[in-house]
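>>> 3D, please:
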Amino acid sequence: MASKKSAAKRTQKKKQGKKSYVFDGRWKNELGSTMKLKVSGQKITGSYKTAKSSDGGPLPPHPLIGFIDKNLISFVVNWKDEDSITAWVGQMISKDEIFTMWQMTKEVDDPAQDYWESILVGSDSFTRS
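Model prediction:
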């Protein structure tokens, strides 16, 4: 009998604690890069405009694709003109802030020798703009 009551309480708490996470809109990170997100179900589409590229300047917006699950987010940008791809994973930590970790892989002359240089890692904090 106690286990049925425990399960009912957990279900009730889960329903009461259910939050709505809104990822749609414009976001800006600490470096000034911006992204526009459009959510359809659990899929994300949009664009990402980096403020910092390999030559130090901004790049034009690039397509962004990804997924969300409750407060979790993952998205990818293919920097075609830079021969690199970046993937971010993270979570919404407040209604106006997303914290992510990213990995970028880039083309190198000799992948067998330079693979340590081919993958970069970092973090971004995005705020709603």
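
>>> Point out where this structure drops to low pLDDT.
1-17 (pLDDT under 70).

>>> the helices in it, which residues?
Secondary structure of the chain (DSSP state H): helices located at 2-16, 111-118.

>>> Only the buried residues of stretch 39-53, if you could.
39, 44, 46, 48, 49, 50 (16 or more other CB atoms under 10 Å). Where C-beta positions appear, they are placed from N, C-alpha and C, glycine not excepted.

>>> how about TSV for these, with distance to residue 79 added?
Formatted as TSV, these follow (distance: CB to CB, whole Å):
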residue	distance to residue 79
39	23
44	18
46	15
48	9
49	11
50	8
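
>>> Restricted to strands, list those residues.
39, 44, 46, 48, 49 (DSSP state E).

>>> of those, closest to residue 28?
Distance from residue 28 was checked for each of these by CB to CB. The minimum falls on residue 49, at 9.8 Å.

>>> I'd say residue 84 and residue 104 touch.
Yes. Judged on CB atoms under 8 Å, residue 84 makes contact with residue 104 at a distance of 5.6 Å.

>>> what residues are up against residue 93?
Counting by CB atoms under 8 Å, 6 or more residues apart in numbering, residue 93 touches 71, 99.

>>> Can you tell me how far it is from residue 38?
Residue 93 is 21 Å from residue 38, where distance means CB to CB, to the nearest Å.

>>> coming back round to it: of all the buried residues of stretch 39-53, which two lie farthest apart?
Top of the distance list for the buried residues of stretch 39-53 (CB to CB): 39 and 50, 21.4 Å.

>>> The closest residue in space to residue 100 that isn't next to it in sequence bridge partners, please.
Nearest residue to residue 100 in three dimensions, chain neighbours excluded: residue 90, at 3.1 Å (CB to CB, 6 or more residues apart in numbering). Legend: beta-bridge partners of residue 90 under DSSP bridges are residue 73, residue 100.
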